[in-house]
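*Asks:* Show me the folded form of this:
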Amino acid sequence: EEYSLLANLPEASKVNEESEEFQDVVKNFYGTIQEYHSKIRIIQVEKLMNRLLYNQYKLKKASVLQQSTHPVAERTLYHGTNDTSVKEICVHGFNRSFCGKNATVYGQGVYFAVNSALSVQDQYSPPNVDGYKFIFVSKVLTGDFTKGCHSMKTAPLKETGDIPLRYDSVTDDITKPTMFVIFNDTQAFPEYLITCQRIHH
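*Replies:* The predicted structure is shown next:
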């Protein structure tokens, strides 16, 4: 069954279900899906390769790696979205102006979930008319992070020396983060789009 919002985008291609790549994406997705394990079925996985976004991300990555003190500067995180934002994200990346609409508890940026369980919830990935839900698997430069708060429009400054350095991202919980917020659009790269649906028992 062929279903794709991205059918005519040159930078999107369906990942073969027999491939190791497909198995990896699926394994990681179900690995953090928690209580939704038997409730979500994956329809397909598409690989995204937007050169421009990737090159911007690579440049940003070099500077984050240079300054970050956290041992894990880059993470693979999830971002659920609605069907109207899917193409927009594939073409233009995670732009704060349309990604940050439904959550601002930890700051006014783009939110990414550590666990897919968060992204599969309907408030983050509302099903479209056909019942499909859309979740991006993204590389995100979380770098050095601190706790976020509602009023933040950018990551706060670090309390260090003379050079004003900002944190790279903010989170809900410094010791056990379940989500990260970024305020710089080039800090995340959409790598895969998972199309899935709820299983109604």
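
*Asks:* Is there a neighbour count for the nearest residue to F189 once chain neighbours are set aside? I'd like the number.
*Replies:* What sits nearest to F189 in space, not counting adjacent residues and going by Cβ to Cβ, 6 or more residues apart in numbering, is Y57, at 4.1 Å. From N, CA and C alone the C-beta is placed, and that goes for glycine too. The tally of other residues near Y57 (other Cβ atoms under 10 Å) stands at 24.

*Asks:* which helices and strands does the helix ranked longest in the chain pack with?
*Replies:* In terms of residue count, the longest helix belonging to the chain (DSSP state H) is helix 51-67. The contact analysis (3 or more Cβ pairs under 8 Å, 6 or more residues apart in numbering; DSSP states H and E) places helix 51-67 against strand 132-141, strand 188-198.

*Asks:* downstream neighbour of that helix in the secondary structure list?
*Replies:* strand 74-81 (DSSP states H and E).

*Asks:* can you list contacts of that next one?
*Replies:* Strand 74-81 has contacts (Cβ atoms under 8 Å, 6 or more residues apart in numbering) with 28-29, 61, 64, 89, 94, 99, 110-116, 118-121, 124-125, 133-142, 180, 188, 190-191.

*Asks:* What is the least confident helix or strand in this protein?
*Replies:* Every helix and strand in the chain was compared by mean pLDDT, DSSP states H and E; the lowest is helix 96-99, with a mean of 69.

*Asks:* if we can go back for a sec, adding mean pLDDT, write the helices and strands packed on helix 51-67 out as JSON lines.
*Replies:* Below are these laid out as JSON lines (pLDDT from 0 to 100):
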{"stretch": "strand 132-141", "mean pLDDT": "97"}
{"stretch": "strand 188-198", "mean pLDDT": "96"}
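
*Asks:* Tabulate those in TSV, adding columns for distance to L77 and mean neighbour count.
*Replies:* Shown next, in TSV, are the helices and strands packed on helix 51-67 (distance: least, Cβ to Cβ, whole Å; neighbours: other Cβ atoms under 10 Å):
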stretch	distance to L77	mean neighbour count
strand 132-141	5	23
strand 188-198	8	22
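
*Asks:* of all these, which lies closest to K158?
*Replies:* strand 132-141 (15.8 Å; Cβ to Cβ).

*Asks:* Figure out how far whichever helix or strand comes after the closest one is from the centre of its chain.
*Replies:* Later in the chain than strand 132-141, the nearest helix or strand by DSSP H and E is strand 145-147. Distance, stretch centre to chain centre, for strand 145-147: 17 Å (Cα atoms, centre = their mean, to the nearest Å).

*Asks:* Repeat that for stretch 57-69.
*Replies:* 18 Å.

*Asks:* Roughly how far does L165 sit from K60?
*Replies:* In this view, L165 and K60 are 15 Å apart by Cβ to Cβ, to the nearest Å.

*Asks:* Which of the two has more residues huddled nearby?
*Replies:* In this view L165 and K60 are compared by other Cβ under 10 Å, and K60 has more residues nearby, 19 against 14.
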